[in-house]
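**Student:** This is a predicted model, with the sequence first.
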Amino acid sequence: MAYPPSVRYGLGLGAAGLLAAAAGPVALAAEDGVAALERLRQQIETQMREIELLKQNIARQEGAVTELRQTLGKLRGRGNTGGDSAEAPAVLAQAPAKAAPAAPAAPEPVGQAPEQPTRPPEIAPIFEQPGVLTPPGKWIVEPSLQYAYSSSNRVALVGYTVIPAILIGLVDVRQVKQNTFTGNLAVRRGITNRFEMEARIPYVYRFDSYLGREIASPDRVNEILTDVDSTGIGDVEVIGRYQLNDGGGTSPYYIASLRLKSRTGKDPFEVRTNFTIDGARLTGGQEELPTGSGFYVLQPGLTVLVPSDPAVFFGGVSYQYSFGRDDVRANTVGSELVYDHIQPGGVFGFNFGMGLALNERSSFSIGYDHLSVGKTESSILRSDGSSTSVPGVRVQLGTLLLGYSYRLDSQQTVNLSLGIGVTRDTPDMQLTLRMPFTL
């Protein structure tokens with residue numbers, strides 16, 4: 001059927017209207033979906049930025065915790081020698097309470113890893129050599145006072161024997177009590193981070209008591225009591241120490257040392273010794289006491305420290321060489337005594353121990369020190385020009401040591417150590433008080 005043009009036009013407008021009405025909801029729905037996806041994408045990007053900021057803050061916190069643990073380990077291993085240790089590193093900045101959802105910024109550095117310590121931990125000193133070297137440019141002055149007590153019995157034969165069981169003469173038995181006070185001033189200077197120099201100047205006060213009586217002489221039963229004392233400067237020492245490696249963590253530290261001892265003190269051959277015999281009574285003995293050894297000494301050594309938080313294990317070995325002397329004339333009364341040559345035996349020493357940090361200020365150490373003194377080679381010059389060798393004996397000196405340390409402040413520390421002799425030839429007791437402070 002054919003429709004007029006006006007009808008066809010109306011039908012076209014109606015169809016177009018129907019198509020537009022049908023397409024309108026679809027277009028609106030598509031537009032809403034795209035907007036929702038865009039908003040979701042923006043939210044996801046914002047959350048990713050927040051997550052990235054939180055990761056960075058967590059990394060900063062982990063770095064700060066690691067550094068605090070390292071600082072705590074240093075404090076636990078510290079032995080309080082008064083300001084020797086390096087300063088604790090600063091704590092990194094804390095994370096903000098809430099991360100603002102801002103635009104992503106350039107990545108910030110998480111922080112530097114804590115430096116490994118290159119200096120050995122401090123311990124309560126119980127041996128002569130300290131465990132921690134002086135920082136470069138620093139001075140440490142260490143006054144100390146040591147008291148040593150020793151007792152022994154001496155037997156002298158005055159006469160001669162027909163056979164080993166029969167003595168013609170008398171036996172002089174003496175109890176000897178020795179007391180020694182030594183005031184020592186030690187000055188240490190840090191040259192580099194690994195090298196230090198030290199000088200020691202001792203001043204000695206000694207007094208000995210002899211209580212004796214003769215046996216096998218019925219008419220002489222009175223006891224003899226003699227007191228002898230002496231004061232004066234001792235043997236001045238110069239010591240150099242060098243740290244061989246960095247160490248750190250549980251790695252050991254190795255410290256080499258070299259000690260040179262002079263003979264500034266009064267040696268045993270200078271003091272007046274009386275060898276006269278009053279009737280059957282032996283009066284021989286030193287009228288004054290020496291304050292030095294009488295020999296120059298060179299002593300290399302090696303010390304090892306092994307950190308094991310909160311304890312530090314340490315030990316060392318050394319060898320002491322004494323330079324011999326020729327034509328030594330002893331200051332004797334009643335008998336001329338000239339040594340053609342005297343060579344003290346070498347001294348091999350070793351020690352070991354453990355230091356424990358009780359808290360930030362105090363620490364405790366326990367250890368053992370042993371010296372094996374070799375035989376002294378000497379020969380006496382006779383009046384006819386010949387010489388006679390004098391046999392020597394090897395001596396073992398063992399000492400058990402206990403030490404305590406308390407840090408008064410960052411510059412001053414108090415150290416107290418006790419030595420107990422475990423062999424017959426070792427002093428019965430040694431008590432040492434040290435008070436080092438940093439300049």
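**Tutor:** That came in fine, so what should we check first?
**Student:** Tyr229 contacts Phe181, doesn't it?
**Tutor:** Slight slip there: residue 229 is Asp, not Tyr. No: taking CB atoms under 8 Å as the definition, Asp229 is not a contact partner of Phe181, at 10.5 Å. Using the backbone N, CA and C atoms, a C-beta is placed for each residue, glycine as well.
**Student:** Find the residues that touch each one of these two.
**Tutor:** In terms of CB atoms under 8 Å, 6 or more residues apart in numbering, Asp229 and Phe181 are both contacted by the residues Tyr205, Arg206.
**Student:** Check what pLDDT Gly279 gets.
**Tutor:** For Gly279, the pLDDT comes out at 45.
**Student:** gap between the closest residue to Pro125 other than its chain neighbours and Val204?
**Tutor:** By the measure of CB to CB, 6 or more residues apart in numbering, the closest residue to Pro125 outside its immediate chain neighbours is Asn415, 5.6 Å from it. Asn415 is 21 Å from Val204, where distance means CB to CB, to the nearest Å.
**Student:** Could you do Arg382 as well?
**Tutor:** When CB to CB is applied, the distance between Arg382 and Val204 equals 34 Å.
**Student:** For the stretch 201-350 of the chain, give me the ranges with low pLDDT.
**Tutor:** Within the stretch 201-350 of the chain, the segments meeting pLDDT under 70 span 212-224, 275-285, 334.
**Student:** switch to 80 and redo it
**Tutor:** 210-226, 247-250, 273-286, 333-336 (pLDDT under 80).
**Student:** The stretch 51-200 of the chain too?
**Tutor:** The stretch 51-200 of the chain contains residues with pLDDT under 80 at 70-124, 128-132, 152-175.
**Student:** now the helices: where do they sit in the stretch 251-400 of the chain?
**Tutor:** The residue ranges that make up helices in the stretch 251-400 of the chain, judged by DSSP state H, counting those that start in this stretch, are empty, as it has none.
**Student:** Surely Val141 is in contact with Arg434?
**Tutor:** No: between Val141 and Arg434 no contact is recorded; they are 11.0 Å apart, counting by CB under 8 Å.
**Student:** These two: which is more packed in?
**Tutor:** In this view Val141 and Arg434 are compared by other CB atoms under 10 Å, and Arg434 has more residues nearby, 23 against 14.
**Student:** and that one, how far is that from Val393?
**Tutor:** Using CB to CB, one obtains 33 Å as the distance from Arg434 to Val393.
**Student:** same thing with Leu408?
**Tutor:** Counting by CB to CB - Leu408 and Val393 are separated by 46 Å.
**Student:** ditto for Ala199
**Tutor:** Separation of Ala199 from Val393 (CB to CB): 34 Å.
**Student:** Looking at those two, which has the bigger crowd around it?
**Tutor:** Set side by side, Ala199 and Val393 show more neighbours around Ala199, with 13 against 10, by other CB under 10 Å.
**Student:** Secondary structure of that one: a helix, I assume?
**Tutor:** No: assessed by DSSP: H, G, I helix; E, B strand; the rest coil, Ala199 does not belong to a helix; its assignment is strand.
**Student:** Tell me how many other residues surround Glu377.
**Tutor:** Neighbourhood size, Glu377 [other CB under 10 Å]: 15.
**Student:** Assign Ala36 to helix, strand or coil.
**Tutor:** Of the three states, Ala36 takes helix according to three-state DSSP.
**Student:** Quick one: neighbours of it, just the number.
**Tutor:** Residues near Ala36, counting by other CB under 10 Å, number 10.
**Student:** likewise Gly137?
**Tutor:** By the other CB under 10 Å criterion, the neighbourhood of Gly137 contains 10 residues.
**Student:** I'd like to know how far it sits from Asp309.
**Tutor:** For Gly137, the distance to Asp309 equals 29 Å [CB to CB].
**Student:** Thr46 too?
**Tutor:** Taking CB to CB, one finds Thr46 at 45 Å from Asp309.
**Student:** didn't Ser372 look like it was pressed against Gly349?
**Tutor:** Yes: using CB under 8 Å, Ser372 is in contact with Gly349, at 7.3 Å.
**Student:** more crowded one of those two?
**Tutor:** Taking neighbours as other CB under 10 Å, Ser372 and Gly349 compare with Gly349 leading, 18 against 15.
**Student:** Can you name the residues bridging to that one?
**Tutor:** When bridges are assigned using DSSP bridges, the partners listed for Gly349 are Ser318, Leu371.
**Student:** residues touching it, list them.
**Tutor:** When contacts are taken as CB under 8 Å, 6+ apart, Gly349 is in contact with Gly301, Val317, Ser318, Tyr319, Gln320, Asp369, His370, Leu371, Ser372.
**Student:** repeat that with 7 Å
**Tutor:** When contacts are counted by CB atoms under 7 Å, 6 or more residues apart in numbering, Gly349 touches Val317, Ser318, His370, Leu371.
**Student:** And it, how far from Asp227?
**Tutor:** Applying CB to CB to Gly349 and Asp227 gives a distance of 33 Å.
**Student:** Same check on Leu145?
**Tutor:** Spatial separation of Leu145 from Asp227 under the definition CB to CB is 22 Å.
**Student:** The two: which has the busier surroundings?
**Tutor:** The residue with more neighbours, out of Leu145 and Asp227 and counting by other CB under 10 Å, is Leu145; that gives 14 against 10.
**Student:** what about the nearest residue to Gly315 once chain neighbours are set aside, how many neighbours?
**Tutor:** Of all residues beyond its chain neighbours, the one nearest Gly315 is Phe352 (3.7 Å), with distances taken as CB to CB, 6+ apart. Here the neighbour count serves as a burial measure; for Phe352 (other CB under 10 Å) it reads 15.
**Student:** wait, isn't Phe352 in contact with Ser365?
**Tutor:** No: because the distance of 11.2 Å does not satisfy CB atoms under 7 Å, Phe352 is recorded as not touching Ser365.
**Student:** ok, the nearest residue to Thr303 once chain neighbours are set aside to Leu402 distance?
**Tutor:** Leaving out its chain neighbours, the residue that sits closest to Thr303 by CB to CB, 6+ apart is Gly316, at 4.0 Å. Using CB to CB, Gly316 is found at 18 Å from Leu402.
**Student:** swap in Leu72?
**Tutor:** Counting by CB to CB, the separation of Leu72 from Leu402 is 26 Å.
**Student:** hang on, the earlier thing: could you report the neighbour count for the residue nearest to Pro125?
**Tutor:** Residues within reach of Asn415, counting by other CB under 10 Å, total 26.
**Student:** now do the one 5 residues further on
**Tutor:** Taking other CB under 10 Å as the neighbour definition, Ile420 ends up with a count of 14.
**Student:** Mind listing the residues bridging to Gln243?
**Tutor:** With DSSP bridges applied, the residues forming beta bridges to Gln243 are Ile255.
**Student:** count of residues packed around it?
**Tutor:** Residues near Gln243, counting by other CB under 10 Å, number 22.
**Student:** check contacts around it.
**Tutor:** By CB under 7 Å, 6+ apart, the residues touching Gln243 are Leu133, Arg194, Tyr253, Ile255.
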